[in-house]
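> Give me a 3D structure for the following:
(chains A and B)
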Amino acid sequence: MLRRRAAFFFLMLSLAVMVHVCLLYPLLKVAARDAWIATIFTLPTGFFVAYLTWKLMNINPEATLVETTNHLFGPFWAFFFHSIWLLYFFSIAALSIANLMSLLVGGFFEETPMWALGLAIIPLVIYGLSKGIKTIAWVAGVLTLTTLVTGHTITLGLTPERNFRNLLPIFEYGYTPTLIGAIFMSAAWTEICVLASLRFHRVETKGMLHILWFGVLANVIMMFSVTTGTISIFGFEAANDMSYPALYSVRMVSLGFIDRMDVYAVLSMTFGVFIRASLFLYAALQIIPKKITKKYNNLSIIIGGIAVYLTSLFIYKDFLQFTQLMRYYFFTIFLWIIPIIYLIRNWMLKRKNA
Amino acid sequence: MKKMILLINSVTLLLFSSGCWSSQELNDSAFLSGMAIEKADDQIKVTFQILQPTKMKKNADNAGVLISSTAPTLHLALRRLIKGIKRRVYLSQTRVVIVSEEVAKEDIFSVLDLLYRDQQFRLKSYLFIADKPAEILGMQSPLDSLSAYGLSSGTEAVRDYLSEIATVTVKEFMDDSMRPTKSSYVTMLKIHHEKKPATSHIDLDGIAILKNGKLVKESPFTKGPPGILWFKNEIKTGSVAIPIGKHQYADIELLHGSTKMKPRFVDDKLVIDVYVKAKGDLTELQTSKDLNNITFKEYEKKFGEEIKKKLEETLTLLRKDPATDTIYMGLEVYRHYPKYWHKIRKDWGKMFKTVEVNIHVDATLVNIGLIRNNFRPKTKGKLPDNSIIPWIEKKEGE
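Next up is the predicted model:
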């Protein structure tokens, strides 16, 4: 069982990679200059999904997600839901590796083959998972504290470059692009559900819900900071033209002894993707029947890691194709319905038994 | 099994600990400090300044080597450079990029694309336009070991202490060029030759104004730099000389300057109000006229008038055909009235020439320096007019 604070560490590292790095490019395309307002609008939906996840965790705090699903729906329908969860968790793990490879190849190691970069991170993920989810939670804790310091340093370092008038005009094309942007970004909150596949201490307390909400709030602040940062530094027109807007921002940071802080992007993205891919691969492996994973624990991790690696190579063909593919990420928003179905089914069973 | 996994992982990770893919030894690398881009028939001729670290270490006068390369694209020119320098070239130390007037008149974007697309270039490199870029790059810097470094540090000093002179980095040029008004500017460089003693130096000579990436007009600094940075609210410090008599000037050190532009409609007609606030210290006075409350206020007023004059001259320059709104005036209209902007954006070039602009300057003087008057008023044994000694009363008639 994990301590409750681990949930916050996971949200800070895993979710942050998606919401304030990977989704920034499509968000600027969807919500244009008002992307920063769209990030604020995602706060209520984030709280809502965090609440759903907390309720999902509390259907049976002692049981895993698989056990809960089996209990609620029986073997046939449980298989159906397990397949969806498995596909989702596995896809996110692969997508994360693809995102890392995309940033590294596009922004740093142009000549390094994609497969070599993926191959560098996958052994870390496999090793981390072989040590258990607790170890990954510890690493996430240390990295969260580190990024809290470095993140603020970057923000402060960029202050002289900002011109907040670049954020104007607001609502140029009405509220629609902003709302669409908010809905698009809200798809990322589906990832909070991954925490339901982990087991935490005292999950039934309100404290756990507050931790989830705090994690959502922290992510919204990060999204807000990055969107306002990129637009205020470069102006919307230039920011919208960038393949990796977040990377362009850190390129502007000069700390005197380091002329360009590109390396920060490599570090934070690698750390984030390591935690993220490990977490989602762990969640995916939890769905696979215990008979297999318990007997062949390490082998299943290796096979899972290799499968994630190969899928990530398959996902990323070229940058434009990959950004097209990222649009489908939006559809994960429909997975919100699954926790709702779980809760309704639980309510029905309770009523029936009563 | 666990030991096996550990072993496999360790061996795999060891493969990557030996270094990066395609790693390059420092001794086998060449670092670019500046480049000059010129036209050569239908290709571009690029002169690269490569720094020589061993010479730099010894503080040698000229620690760089110039090599030219001709190709249809900048990237190919860079790769062809390897033939001459015999090493792989790294671009992250590039401090200045100088583009020839000829290239700028044709299309500057086509040669700058690589600077934005490639991850190696730094966005804070300074961008210049010159008539003889390669010659400028080859000149010895008076204080630095490389002309590119000299230009770069000199430009930084200008930005800090003479910010009325508009200079741009590659990033700033990109931002301005992509704004709705599509107009931007680049500082121009020129070699100045002194006859006695016979020396040459590079000077920031004026600004080149570009529209849609093409140089359309120039403004030399012979009459002083235009007030573009005033309009853009980017003024920091500087010096303003105000005429106070025949061949007499007062100089005011600018402490703070800020500008706000507010478009509004008067009877459905667009009017733009420009509000300027300036604060300065009196630093030089070329008159024997007594400095008192009246003259102080007079200088303060003239300080404001001088700034206003500068802004009006700038506006006149930018309004000349073709109209180039590099001062964010259209951008402010867009920010305040986006719907209106979309209606007029195609005609903004014409509108910019005629739109009513009201410039309001609020200038204040704060300090007068360490002395009051350079030439003491003659008192002839009497108390001066500006006497403030309270216990000596002036006698009537004095």
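> Counting neighbours, what do you get for residue 337?
Defaulting to chain A. Counted with other C-beta atoms under 10 Å in any protein chain shown, residues neighbouring residue A:337 total 10. Just so you know, the C-beta spots here come from the backbone N, C-alpha and C atoms, and that holds for glycine as well.
> think we crossed wires, I meant chain B
The tally of other residues near residue B:337 (other C-beta under 10 Å) stands at 17.
> quick one: residue B:45 and chain A, what's the gap?
Using C-beta to the nearest C-beta, to the nearest Å, residue B:45 is found at 26 Å from chain A.
> Show me which residues of the stretch 51-200 of chain B sit near chain A.
Contact residues, the stretch 51-200 of chain B versus chain A (C-beta under 8 Å from any C-beta of the partner chain): B:92, B:119, B:122-124, B:171, B:174-175, B:178-180.
> out of the residues you listed, who's nearest chain A?
Checking those against chain A by C-beta to the nearest C-beta gives residue B:178 as the nearest, at 3.9 Å.
> just to revisit the earlier point, turn the residues of the stretch 51-200 of chain B next to chain A into CSV, columns for pLDDT.
Output for these, formatted as CSV (pLDDT from 0 to 100):
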residue, pLDDT
B:92, 88
B:119, 86
B:122, 86
B:123, 89
B:124, 90
B:171, 93
B:174, 93
B:175, 92
B:178, 92
B:179, 91
B:180, 90
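> which intervals of chain B have sub-threshold pLDDT?
The model of chain B has pLDDT under 70 over residues B:13-22, B:375-398.
> now check the helix or strand harbouring residue A:184, is it near chain B?
Element membership of residue A:184, judged by DSSP states H and E, is helix A:176-186. No. Counting by C-beta under 8 Å from any C-beta, chain B is not contacted by helix A:176-186; separation bottoms out at 12.6 Å.
> returning to that earlier point: which among the residues of the stretch 51-200 of chain B next to chain A end up buried?
Among those, those scoring as buried are B:119, B:122-124, B:171, B:174-175, B:178-180 (criterion: 16 or more other C-beta atoms under 10 Å in any protein chain shown).
> Give me the contacts around the helix holding residue A:184.
By C-beta atoms under 8 Å, 6 or more residues apart in numbering or on different chains, the residues outside helix A:176-186 that reach it are A:19, A:23, A:26-27, A:30-32, A:34-35, A:37-39, A:41-42, A:45-46, A:49, A:171, A:223, A:330, A:333.
> mind showing which ranges of the stretch 251-354 of chain A have poor pLDDT?
Those would be none, if you go by pLDDT under 70 across the stretch 251-354 of chain A.
> before we move on, the earlier item: out of the residues of the stretch 51-200 of chain B next to chain A, who's nearest residue B:31?
Nearest to residue B:31 among these: residue B:92, at 7.9 Å, using C-beta to C-beta.
> for the closest residue to that closest one other than its chain neighbours, phi and psi?
Counting by C-beta to C-beta, 6 or more residues apart in numbering or on different chains, residue B:92 lies nearest to residue B:120, which is 5.1 Å off, once chain neighbours are set aside. When quoted as degrees, to the nearest 10, the phi and psi of residue B:120 stand at phi -80, psi -30.
> Contacts only, for residue B:120.
Residue B:120 makes contact with B:90-92 under the criterion C-beta under 8 Å, 6+ apart.
> Return the subset of these lying in strands.
Cross-referencing those against strands under DSSP state E gives residue B:90.
> As JSON lines, the buried ones among the residues of the stretch 51-200 of chain B next to chain A with secondary structure would be great.
Supplementary listing: these in JSON lines, determined by DSSP: H, G, I helix; E, B strand; the rest coil:
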{"residue": "B:119", "secondary structure": "coil"}
{"residue": "B:122", "secondary structure": "coil"}
{"residue": "B:123", "secondary structure": "coil"}
{"residue": "B:124", "secondary structure": "coil"}
{"residue": "B:171", "secondary structure": "helix"}
{"residue": "B:174", "secondary structure": "helix"}
{"residue": "B:175", "secondary structure": "helix"}
{"residue": "B:178", "secondary structure": "helix"}
{"residue": "B:179", "secondary structure": "coil"}
{"residue": "B:180", "secondary structure": "coil"}
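> Output the lowest-mean-pLDDT helix or strand in chain A as CSV, nothing but the C-alphas.
When the helices and strands of chain A are scored by mean pLDDT, DSSP states H and E, helix A:290-295 comes last with a mean of 78. These are the backbone C-alpha positions of helix A:290-295, laid out as CSV (Å, rounded to 0.1, in the frame of the first residue of the first chain):
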residue,chain,number,x,y,z
LYS,A,290,-2.8,-12.4,-11.3
LYS,A,291,-2.1,-16.0,-12.2
ILE,A,292,0.2,-14.9,-15.0
THR,A,293,1.8,-11.7,-13.5
LYS,A,294,2.4,-13.3,-10.1
LYS,A,295,4.1,-16.4,-11.5
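> Looking at the chain, which helix is longest?
You didn't say which chain, so I picked chain A. Assignment by DSSP state H gives helix A:65-107 as the longest helix of chain A.
> wrong one, I was asking about chain B
Longest helix in chain B, counting by DSSP H: helix B:293-319.
> which parts of that helix are buried?
Buried-residue list, helix B:293-319, by 16+ other C-beta under 10 Å: B:295, B:298-300, B:302-304, B:306-308, B:310-311, B:314-315, B:317-319.
> do the same with stretch A:115-123
Counting neighbours by 16+ other C-beta under 10 Å, the buried set in stretch A:115-123 is A:116-118, A:120-123.
> Contacts only, for the spatially most central residue of chain B.
The residue lying closest to the centre of chain B (C-alpha atoms, centre = their mean) is residue B:167, at 1.3 Å. Going by C-beta under 8 Å, 6+ apart, residue B:167 touches B:126, B:155, B:158-159, B:187, B:204.
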